[in-house]
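K.L.:
sequence and predicted model, in that order:
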Amino acid sequence: MGDQGAPRIMPASPNLSPTTWGERRLTWGERTYVMGILNITPDSFADAERLEGARAVAAALAMEAAGADMIDVGAESTRPGARPIDADPSLLVSPCDAIVGACGAIAGTTAWQVKGFPYTLEDLGGGQDVADAHRNGCYATLRLTAGMYHRFHAPHDCRVEQVTYVRGDTWNVNPIALKRIEKLFCKNERAVLRTRLNESGCIVTLVPVAAVLVAGIRLHFLDALLDMDYQGQRAIACDTPFAKGDEIGWFQHGSTIVLLAPAGFTLCANVREGEKIRMGQPLMRLPATA
């Protein structure tokens with residue numbers, strides 16, 4: 001509710017596909033849907049009381065009984081400073097909150113979505129440039145679950161030089177799917193962001209990969225929404241500066257970012273498959289000469 005007690009009504013785009021959760025199906029534009037707001041973090045923008053445990057569950061059930069079609073749970077803080085950025089210039093930091101997936105050394109131009117399921121950087125990046133920049137380098141797969149903070153940030157002081165949009169599907173990218181579908185990241189819709197670090201000149205590539213329920217990928221410095229309706233240039237030249245930790249863009253739901261670094265970069269000791277990592281925490285160490 002606004003200051004005058006008027007409900008906030010957000011018109012839905014007529015081009016949005018229906019959303020299905022279990023047996024529930026929301027057909028956007030068909031009628032007005034009601035969203036309940038449940039605050040369980042002290043950093044929420046909402047004025048409502050913070051609820052935890054059984055009280056939070058009871059409040060959610062009460063909203064459903066009152067007619068809420070969906071409930072927005074404020075569980076991840078977006079307050080400035082809530083995620084401290086490691087300022088060490090010898091470190092790349094994680095661009096997002098995530099669960100670490102496959103990671104480690106790139107064998108030539110081959111990386112892995114899970115053990116036994118390889119893919120090539122040529123296929124992932126949609127061309128030879130990405131493969132050449134990261135041959136025998138280092139990579140990390142960062143999986144953002146639906147409930148996580150799903151914005152992504154600059155891993156170091158850098159400039160985004162080019163964005164390449166690669167059309168594709170929106171397969172689920174959960175661990176089960178990664179063990180069943182070969183080259184899954186190379187099949188899905190994705191954006192390839194080539195960044196150049198300010199001091200060393202090293203190229204670090206971020207590949208946000210779309211998935212189920214992801215309507216698209218948004219970048220602050222581009223006016224266009226990168227999704228299957230995008231009709232613009234495939235490769236977009238840029239020259240956009242970012243300080244370490246600056247927000248670059250966001251998914252409209254959870255998904256995955258594959259970060260690629262050149263030869264000489266190494267994973268930090270805290271980065272292990274299956275472990276959680278928060279935006280701003282150490283991810284990779286730059287080579288001593290970088």
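P.N.:
Here it is on my side, so go on. Residues are numbered from 1 along each chain as shown.

K.L.:
could you find the closest non-adjacent residue to A66?
P.N.:
Nearest residue to A66, sequence neighbours excluded (C-beta to C-beta, 6 or more residues apart in numbering): G36, at 7.8 Å. All C-beta atoms are positioned from the backbone trio N, CA, C, and that covers glycine.

K.L.:
hmm, that neighbour is touching A65, no?
P.N.:
No - using C-beta atoms under 8 Å, G36 makes no contact with A65, being 10.4 Å away.

K.L.:
looking at these two, which has the bigger crowd around it?
P.N.:
G36 (17 against 8; other C-beta atoms under 10 Å).

K.L.:
quick check: bridge partners of that one?
P.N.:
I71 (DSSP bridges).

K.L.:
and what of G249?
P.N.:
Here G249, judged by DSSP bridges, has bridge partners F152, L219.

K.L.:
count the residues that sit near it.
P.N.:
Neighbour tally, G249, other C-beta under 10 Å: 21.

K.L.:
is it in contact with P208, as I believe?
P.N.:
Yes - between G249 and P208 there is a contact under C-beta under 8 Å: 7.3 Å.

K.L.:
joint contacts of those two?
P.N.:
F152, I217 (C-beta atoms under 8 Å, 6 or more residues apart in numbering).

K.L.:
quick one: contacts for the closest residue to P155 other than its chain neighbours?
P.N.:
Nearest non-adjacent residue to P155, counting by C-beta to C-beta, 6+ apart: L92, 4.4 Å away. Counting by C-beta under 8 Å, 6+ apart, L92 makes contact with P155, H156, V204, L259, A261, F265, P282, L283, M284, R285, L286.

K.L.:
and L92, that's in a strand?
P.N.:
Yes - the assignment for L92 by DSSP: H, G, I helix; E, B strand; the rest coil puts it in a strand.

K.L.:
is it in a bridge, and if so with what?
P.N.:
Here L92, judged by DSSP bridges, has bridge partners M284.
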